[in-house]
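K.L.:
after the sequence you'll find the predicted model.
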Amino acid sequence: MTKDSIAEILSFGEIKSAGNVQIESSRGKWIKVNEIYPLFKNTRLKTTDGVVFITTSSGSRIDLSKDTEVEIITEGGTYKVNMKKGTLTFNITPASSLIIYIADKIISVEKRLEGYQLLLGGIGVSSLKDTQGIVFFNNKEIFIKSILGNINISDKNGLQMKILGAGETFLARLDDQQNNNEGLPLSEYPQWTTAHIQGLILGTFFTSTTITAFEAFRGSRGFKSPSGF
């Protein structure tokens, strides 16, 4: 059995990168990642002037913009992300679940289909849509937006604080404990305008080394544009 075939068996998806992207090796050292690389059970990634596009074996997408650092732990169809900083966008299929840990928040998308339901199929299954959203963290502010579907927000103990529906947003400042759980009104923070949010995604997905990174972001699963605000 070749190294490539072993990697394929152990892989939980595929990582495509453009620009300067590093991955943590089994020895704990950061090394430049190949343009195409397997997603393993435990993967740590760090982008500087680069972007990452991950397609999981269950058909979900997790994309990282410039200046982002995450650890992704795969458990079946569940993807757990420890996010240290940056911008992450996602497109999660009904057969997958996503859990993102940021500071004192847990952001999650629940699995809505189990294996036997996928096998049975039917109208109810086909009508379920993917869940799409964006998460931003800069060690001071946490910004979350649902583009499609419901996103759960909980505190670090797992107590649910809020459910974002399509088009809804959540903003929290780590230094504002009074409003940290309820979220802050965007109207009081003019820097978080629609144009700023669009620029946050579009700007960070274009790097000095890749002009066409956004084309890879669009993918083939109908996530045509991250600017659906």
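P.N.:
Received, thanks. Residues are numbered from 1 along each chain as shown.
K.L.:
residues of stretch 63-78 that come out buried?
P.N.:
The neighbour-count check on stretch 63-78 (16 or more other Cβ atoms under 10 Å) flags 63-66, 68-74, 77 as buried. All C-beta atoms are positioned from the backbone trio N, CA, C, and that covers glycine.
K.L.:
please disregard the earlier target; I meant stretch 98-106.
P.N.:
Of the residues in stretch 98-106, those buried (16+ other Cβ under 10 Å) are 98-102, 105-106.
K.L.:
repeat that for stretch 43-59.
P.N.:
By neighbour count on 16+ other Cβ under 10 Å, the buried set for stretch 43-59 is 43-47, 50-56, 58-59.
K.L.:
that older thread, check the buried residues of stretch 98-106 and tell me the two furthest apart.
P.N.:
L98 and K105 (13.7 Å; Cβ to Cβ).
K.L.:
and for these two, which residues touch both?
P.N.:
Counting by Cβ atoms under 8 Å, 6 or more residues apart in numbering, L98 and K105 have no common neighbour.
K.L.:
straight-line length of stretch 159-176, end to end?
P.N.:
Distance between the two ends of stretch 159-176: 19 Å, counting by Cα to Cα, to the nearest Å.
K.L.:
likewise stretch 93-104?
P.N.:
Termini of stretch 93-104 sit 26 Å apart (Cα to Cα).
K.L.:
name the residues that touch it?
P.N.:
Contacts with stretch 93-104, where a contact means Cβ under 8 Å, 6+ apart, come from 56, 58-60, 62, 77-83, 88, 90, 92, 106-115, 118, 125, 128-131, 135, 137, 139, 142, 155-156, 174, 180.
K.L.:
okay, and which of those map to strands?
P.N.:
Of these, the ones assigned to strands by DSSP state E are 56, 62, 78-83, 88, 90, 92, 106-109, 131, 135, 137, 142, 155.
K.L.:
filter the residues you listed down to the buried ones and hand me the PyMOL line.
P.N.:
Buried members of those, defined by 16+ other Cβ under 10 Å, are picked up in PyMOL with:
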select buried, resi 56+62+79+80+81+83+88+90+92+106+107+108+109+131+135+137+142
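K.L.:
do a quick rundown of the helices in this structure.
P.N.:
3-10, 115-120, 123-126, 194-204, 213-218 (DSSP state H).
K.L.:
you'd agree F40 is up against I15?
P.N.:
No: look at F40 against I15 with Cβ atoms under 8 Å: they stay out of range, at 9.4 Å.
K.L.:
who's more crowded, those two?
P.N.:
Between F40 and I15, counted using other Cβ atoms under 10 Å, the more crowded position is I15 (24 against 17).
K.L.:
contacts only, for that one.
P.N.:
Counting by Cβ under 8 Å, 6+ apart, I15 makes contact with 33, 36-39, 43, 45, 52-54.
K.L.:
rerun that using 10 Å as the cut-off
P.N.:
Contacts of I15 were listed using Cβ atoms under 10 Å, 6 or more residues apart in numbering, and they are 21, 23, 33-40, 43, 45, 52-55, 62, 64, 72.
K.L.:
check A166 too.
P.N.:
Residues in contact with A166 (Cβ under 10 Å, 6+ apart) are 129, 131-133, 145-151, 228.
K.L.:
ok, back up a step: now intersect the buried residues of stretch 43-59 with the strands, please.
P.N.:
43-47, 50-56.
K.L.:
any idea which of those residues is the one closest to T169?
P.N.:
V51 (22.8 Å).
K.L.:
partners of K85 in the sheet?
P.N.:
With DSSP bridges as the criterion, K85 is bridged to E69.
K.L.:
so how far is S11 from it?
P.N.:
Plainly put, K85 is 26 Å away from S11 if you go by Cβ to Cβ, to the nearest Å.
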